[in-house]
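Predicted coordinates and the sequence they were generated for:
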Amino acid sequence: MKIGIISDSHDNLPLIRKAVHYLNDEWPVDAVFHAGDYVAPFAVRELADLRAPFYGVFGNNDGERAGIRKVLPQIQQPPLRIELGGRIIVVTHDQAELTEADTAGADIVVCGHTHNPEVSRNGFLLVNPGELGAWLTGASTLAVVDLENLDARIVTLADA
């Protein structure tokens, strides 16, 4: 089972569309997680075109939360804890806000906020896909994780 992970899309419609195409057609995934900072409901509408089940949390730049939830009601306050493919996945926007209790027993922790991609292991697999929106770093990135072997790959959309 493979999951796609995105974060910090920040209303960049062309890159959100490119990510949806990538996760639907180029490297189809079984689920998609978004670690927050969609920003506005019109950008969230693009994510509704994902074919895989979608899970998401709010970030610090999501001001119109009621409008966002009208489009995708499954977006919630972090942290989100879910079991999928036999793995416990915890999703938040800002990793610094997680407690030890939040990550207890987690196989994967997904975060965003820094806009910098990171994959590391420290008791769990930490995946920050970087920024989809490419406003801060100039690079549009996402991550794909194989839940069976906990292998994570950062994908730069210009290279996809």
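Yep, that arrived. Numbering: from 1, shown residues only.

Next, the distance between the ends of stretch 93-103.
14 Å (C-alpha to C-alpha, to the nearest Å).

How far off centre is that stretch?
15 Å (C-alpha atoms, centre = their mean, to the nearest Å).

Please apply the same query to stretch 14-25.
Mean-position distance between stretch 14-25 and its chain equals 13 Å (C-alpha atoms, centre = their mean).

Buried residues of stretch 7-27, list them for me.
7-12, 15-16, 18-20, 22-24 (16 or more other C-beta atoms under 10 Å). C-beta coordinates here come from the backbone N, C-alpha and C atoms, glycine included.

Kindly report the same for stretch 75-89.
Applying 16+ other C-beta under 10 Å to stretch 75-89 flags Ile75, Pro78, Pro79, Leu80, Leu84, Gly85, Arg87, Ile88, Ile89 as buried.

Repeat that for stretch 146-156.
Applying 16+ other C-beta under 10 Å to stretch 146-156 flags Leu147, Ala152, Ile154, Val155 as buried.

Keep only those of these that are in helices.
Among the buried residues of stretch 146-156, DSSP state H puts none in helices.

Which of those residues fall within strands?
Among the buried residues of stretch 146-156, the residues falling in strands (DSSP state E) are Ala152, Ile154, Val155.

which regions of this protein sit below the pLDDT cut-off?
159-160 (pLDDT under 70).

What segments of it are strands?
Under DSSP E, the chain gives strands at 2-6, 31-34, 54-57, 75-76, 80-84, 87-91, 108-110, 117-121, 125-129, 141-146, 151-156.

Just put the ones in strands among the buried residues of stretch 146-156 in CSV and tack on distance to Ala143.
Formatted as CSV, these follow (distance: C-beta to C-beta, whole Å):
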residue, distance to Ala143
Ala152, 6
Ile154, 5
Val155, 7
